[in-house]
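In: predicted model and sequence below, questions to follow.
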Amino acid sequence: MVVTTAVLLIAGGVFACAPLFKQVSKSLERLFVFLGFLVGIGIIIVAIYAALNLTFLSSIVGTGLVPAADAFTYAQYYLVVMAVLGILLFSRPLRNVRWASLISLGIAILAAAELHITFGSLTTVELGIVFIIVLLAVYTLLRFVEDILEFIGSVLSFPPVAIVIGLVSIYFGIVAYNSHP
């Protein structure tokens, strides 16, 4: 239903405005960031669902999950708003997590373990060399991606930008909700 998209946009817009609540209470801001993370995941799922014209969720939420392109003025931009809002809400709490290190460490351990299982005659030094090579190669690639995502998250999480995105999302949610028959 279009109502689902409207509610996600309104809730996501409120959670995107979390910097406004920093002065009121630090714990309220943290709660909004956590809830925004969960809503951000939902928004990203619905945005992908709408962008790819998928139908597997129609049995769960009904038909018409997204508003029609002519439902209201600027309705064709709701997908862009949803994508930016979802990225903002999803990336805000994950900005400081060094996931490239964790993923590369896991892949290097799995690669060394797989080689040890496949070729049982490898020495500890050979497995260590394989571990370090895989670790450095994967970390280099993932660190580049992490830097790009960190930059995007920093720009979107800048309080004036986040508040504008939140207010635009609330507007789109209200208009989409009111345009639903």
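Out: The structure has been received and is ready for your questions. In this text, all values refer to a predicted model and were calculated from it rather than measured experimentally. Residues are numbered from 1 along each chain as shown.

In: CA atoms for contacts and neighbours, from now on please.
Out: OK.

In: can you list the residues that contact the helix or strand containing Val164?
Out: Using DSSP states H and E, Val164 sits within helix 159-179. Residues outside helix 159-179 that contact it (C-alpha atoms under 8 Å, 6 or more residues apart in numbering): 2-3, 5-20, 67, 71-72, 75, 78, 81-82, 84-85, 88, 155-156.

In: of those, buried ones?
Out: Buried members of the contacts of helix 159-179, scored by 16 or more other C-alpha atoms under 10 Å, are 2-3, 5-20, 67, 75, 78, 81-82, 84-85, 88, 156.

In: for the record, mean pLDDT for the helix or strand harbouring Gly42?
Out: Element membership for Gly42 (DSSP H and E) is helix 26-51. For helix 26-51, mean pLDDT rounds to 85.

In: who does it touch, helix- and strand-wise?
Out: Packing partners of helix 26-51 (3 or more C-alpha pairs under 8 Å, 6 or more residues apart in numbering; DSSP states H and E): helix 2-16, helix 78-94.

In: take these and write them to a markdown table, including distance to Glu29.
Out: Listed next are the helices and strands packed on helix 26-51 as a markdown table, based on distance: least, C-alpha to C-alpha, whole Å:
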| stretch | distance to Glu29 |
| --- | --- |
| helix 2-16 | 9 |
| helix 78-94 | 11 |
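
In: report all helices and strands that the longest helix that the chain contains contacts.
Out: Counting by DSSP state H, the longest helix found in the chain is helix 124-157. With contacts defined as 3+ C-alpha pairs under 8 Å, 6+ apart, the packing partners of helix 124-157 are helix 78-94, helix 99-118.

In: now, of these, which is deepest in the fold?
Out: Sort the helices and strands packed on helix 124-157 by mean neighbour count, taking mean count of other C-alpha atoms under 10 Å, and helix 78-94 sits at the top with a mean of 22.

In: so where's this structure uncertain?
Out: 1-3, 55-75, 180-181 (pLDDT under 70).

In: gap between the residue lying farthest from the centre of the chain and Ile165?
Out: Farthest-out residue of the chain from its mean C-alpha position, per C-alpha atoms, centre = their mean: Ser121, at 43.5 Å. Ser121 sits at a distance of 57 Å from Ile165 (criterion: C-alpha to C-alpha, to the nearest Å).

In: what helix or strand is Ser121 located in?
Out: Using DSSP H and E, no helix or strand contains Ser121.

In: if I look at it, how far off is Leu115?
Out: In this view, Ser121 and Leu115 are 10 Å apart by C-alpha to C-alpha.
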